[in-house]
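*Asks:* Pasting a predicted model and its sequence here:
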Amino acid sequence: MAERLKDMFFTQSSMKTFAEIIQRFYSEFDTKKFIRLVFDDTFADKELKDKMRHTTQCLAKTLPEAYGEALAILKEATPHAKGFEALSLPDFVATYGMEDWDLSLPALYHFTKYSTSELAIRPFLVKDPQRVMALMTEWAEDENPKVRRFASEGCRPRLPWAMALPKFKKDPSPILPVLEKLKNDESEDVRRSVANNLNDISKDNPEVVLEICKRWHGQSKNTDRIVKHACRTMLKAGDKRALMIFGYSDPSSMDVENYKFEKTKLKIGENVRFSFDLTLKKKSRVRLEYAIFYVKAKGQLSKKVFKITENDYAPGTTTISRKHSLADMSTRKHYPGIHHLSIIVNGVEMAKASFELKA
């Protein structure tokens, strides 16, 4: 099984290096005390984000009590701090700087140039979205691409790992001026963040995203890529309005035949291999996907959609074959039981069959 993220960072070695960087800019920093505080009896069992917060709290116990003094030290150290350990620096602001915005917001701007402040900005957005979004709109025009990406990534309504932004889930309009500024950004990382932000918005406000995507589609190669990535959740859900933006054909003239598995009894770690014939009555633009209904620990099913291909097909029959790994990964554990696999054509499930997975 792949090594877990929480075991790759905040190690004895990386934390020793991190402590030495802090000491370089604060000679009174007690590195031995800091390491002892970090690696207490609970540390090994903590998840990655909890390890970050714990490290932040240990910093507070070994830096000057005055927030401004501690922050000045961390700002000097941040260009030299690397990896997930560096996220404790902006997290220090989120944890201890909510009462001093005049120091905290510029500090987050500084930190994001070297790591990212996208998690740390969230409590500020929750408390005063108008004030923070005014800055995000300004930072969307910054010369540094990491700052511009932060302007989009930080205000995503459903940013993974981060606290949600309920006000933006309900009304994403404050975000949209930032995304408009960044839709043709020269940085691919920035443009991808715009797409991810729109994808977040689509889960609560699909009409807003559909309107934007219709308007942006065809403007440039950059916006076309953004629109495609932004619509991915709606496309996987078979949203007809999203499918129409990209010209996918009416699936009523299509059919799936001869759907079968190579084997219907498999063991965890093997590949499930399947094939089917796609038959078209006329030339069509086709998006092919398959969905696996995984058995979970308590016996319930969880659906996950995977893309096969999208292409223009001539009338006639095309045989499609694929394999899918059933090996455990850091992001997915498999459980014995009856699994289902369906074939989806332009958002419509056209065939479904089952296979048994054994330990």
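*Replies:* Looks like it came in fine. Numbers count the residues shown, from 1 in each chain.
*Asks:* Report the buried residues of stretch 111-124.
*Replies:* By 16 or more other Cβ atoms under 10 Å, the buried positions in stretch 111-124 come out as 111-124. Glycine gets a C-beta too; all of them are placed from N, C-alpha and C.
*Asks:* Ok, stretch 25-37 next?
*Replies:* In terms of neighbour count (16+ other Cβ under 10 Å), stretch 25-37 has its buried residues at 26, 29, 34, 35, 37.
*Asks:* and what of stretch 239-258?
*Replies:* For stretch 239-258, by 16+ other Cβ under 10 Å, it's 239, 242, 243, 245, 246, 248, 249, 251, 254, 256.
*Asks:* rewinding a little: quick one, which of the buried residues of stretch 111-124 has the minimum pLDDT?
*Replies:* Note: of those, the lowest pLDDT belongs to residue 115, at 92.
*Asks:* quick one, what contacts the closest residue to that one other than its chain neighbours?
*Replies:* Sequence neighbours aside, residue 86 is the residue nearest to residue 115 in space, at 4.1 Å (criterion: Cβ to Cβ, 6 or more residues apart in numbering). Contact analysis of residue 86 by Cβ atoms under 8 Å, 6 or more residues apart in numbering lists 18, 78, 114, 115.
*Asks:* if I look at the last one, how far off is residue 107?
*Replies:* As defined by Cβ to Cβ, to the nearest Å, residue 115 lies at a distance of 12 Å from residue 107.
*Asks:* Please enumerate the shared neighbours of the two.
*Replies:* When contacts are counted by Cβ under 8 Å, 6+ apart, residue 115 and residue 107 are jointly contacted by residue 90.
*Asks:* Which of the buried residues of stretch 111-124 sits closest to residue 11?
*Replies:* Nearest to residue 11 among those: residue 115, at 17.5 Å, using Cβ to Cβ.
*Asks:* Now name the helix or strand holding that closest one.
*Replies:* Following DSSP states H and E, there is no helix or strand that holds residue 115.
*Asks:* Please apply the same query to residue 263.
*Replies:* Counting by DSSP H and E, residue 263 is part of no helix or strand.
*Asks:* what's the neighbour count on it?
*Replies:* Residue 263 has 13 neighbouring residues, counting by other Cβ atoms under 10 Å.
*Asks:* Fine by me, thanks again.
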